[in-house]
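Undergrad: Below is the sequence, then the predicted model.
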Amino acid sequence: MKSKYLLASVFVLACLLTGCVTVFVPVDTPTPAPTAIIVATLPPPTPTPVASPTQFQFAQTCSADPLAEVCSRPSVGILNKSCIKKVPYVFLGLTSGSTFEVLSPGMTCKDEKVHGGVQQFSCTGQQLYSYEVKVCDTACSALQLETDTGQCPHGYGYSAAADCCWPTSVLETGCVIYKVDIGACP
């Protein structure tokens with residue numbers, strides 16, 4: 001009976017030891033295979049066709065003003081100043097055949113026709129005030145430089161007669177700006 005008791009004690013002790021004591025043994029566990037993620041892809045970009053740069057040649061630059069021989073600066077000047085019924089008037093004389101344009105508001109002018117080979121204008125405005133007029137040689141108006149033709153760089157105009165480019169200015173060739181001083185009436 002003692003042997004049964006001993007055998008039962010060893011069994012109980014073995015059960016207790018195996019249940020309470022954990023033995024750590026490294027175990028190779030297989031790594032799970034990676035999960036494939038499907039991503040939608042865009043087609044490769046197609047290159048945008050770019051126009052090849054074209055070499056555009058401008059016309060040559062003129063060596064001299066192409067309009068200088070044909071155009072002349074018109075002459076303009078005061079012929080007389082007077083007062084009519086306390087209204088001041090200035091009488092202007094300019095080269096016959098010239099164009100005349102009032103640039104300043106407030107002054108009015110009347111064409112008095114050609115007298116003695118001089119084109120005359122009578123002008124009036126506010127007393128003791130200055131105004132501007134533009135006078136141009138009509139021979140030049142048909143010969144102006146052509147702009148925005150693509151034949152000349154920016155700031156230049158094309159002369160078809162001379163086949164070249166010439167700098168453009170704010171004031172056209174053959175034109176003058178004249179300051180008109182209106183006097184005062186007593």
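TA: Ah, there it is.

Undergrad: Show me what the helix or strand hosting Tyr158 is packed up against.
TA: Per DSSP states H and E: Tyr158 is located in strand 156-159. If contacts are counted by 3 or more C-beta pairs under 8 Å, 6 or more residues apart in numbering; DSSP states H and E, strand 156-159 sits against strand 164-167. C-beta: built from backbone N, CA, C; applies to glycine.

Undergrad: got the buried residues for the strand it packs on?
TA: 164-166 (16 or more other C-beta atoms under 10 Å).

Undergrad: Kindly reformat the residues you listed as JSON lines containing distance to Thr147 and pLDDT.
TA: What follows is the buried residues of strand 164-167, written out as JSON lines (distance: C-beta to C-beta, whole Å; pLDDT from 0 to 100):
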{"residue": "Cys164", "distance to Thr147": "14", "pLDDT": "88"}
{"residue": "Cys165", "distance to Thr147": "10", "pLDDT": "87"}
{"residue": "Trp166", "distance to Thr147": "11", "pLDDT": "82"}
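
Undergrad: just curious, which of the residues you listed is nearest to Phe121?
TA: Using C-beta to C-beta, Trp166 comes nearest to Phe121 of the buried residues of strand 164-167, at 31.1 Å.

Undergrad: Pretty sure that closest one sits against Gly157.
TA: Yes. Between Trp166 and Gly157 there is a contact under C-beta atoms under 8 Å: 6.1 Å.

Undergrad: Please enumerate the shared neighbours of these two.
TA: With contacts taken as C-beta atoms under 8 Å, 6 or more residues apart in numbering, Trp166 and Gly157 have Leu145 as neighbours in common.

Undergrad: that older thread, can you tell me which of the buried residues of strand 164-167 comes closest to Ile78?
TA: Using C-beta to C-beta, the buried residues of strand 164-167 come closest to Ile78 at Trp166, 32.9 Å.

Undergrad: ok, and the closest non-adjacent residue to the closest one?
TA: Leaving out its chain neighbours, the residue that sits closest to Trp166 by C-beta to C-beta, 6 or more residues apart in numbering is Cys62, at 4.6 Å.

Undergrad: continuing past the helix or strand of the chain with the lowest mean pLDDT, what's the next helix or strand?
TA: Among the helices and strands of the chain, helix 2-20 carries the lowest confidence by mean pLDDT, DSSP states H and E, at a mean of 58. Downstream of helix 2-20, the first helix or strand assigned by DSSP H and E is strand 76-84.

Undergrad: quick one: strands adjacent to that next one?
TA: With DSSP bridges as the test, strand 76-84 is paired with strand 87-95 (antiparallel).

Undergrad: average model confidence for the strand it pairs with?
TA: Strand 87-95 carries an average pLDDT of 94.

Undergrad: same check, this time on stretch 134-143
TA: Stretch 134-143 comes out at a mean pLDDT of 74.

Undergrad: Give me the residues contacting that stretch.
TA: 67, 70-74, 76, 94-95, 97-101, 103, 159, 161, 171-178.

Undergrad: Might you report the residue contacts of the residue nearest to Trp166?
TA: So Cys62 contacts 159, 162, 164-166 (C-beta under 8 Å, 6+ apart).
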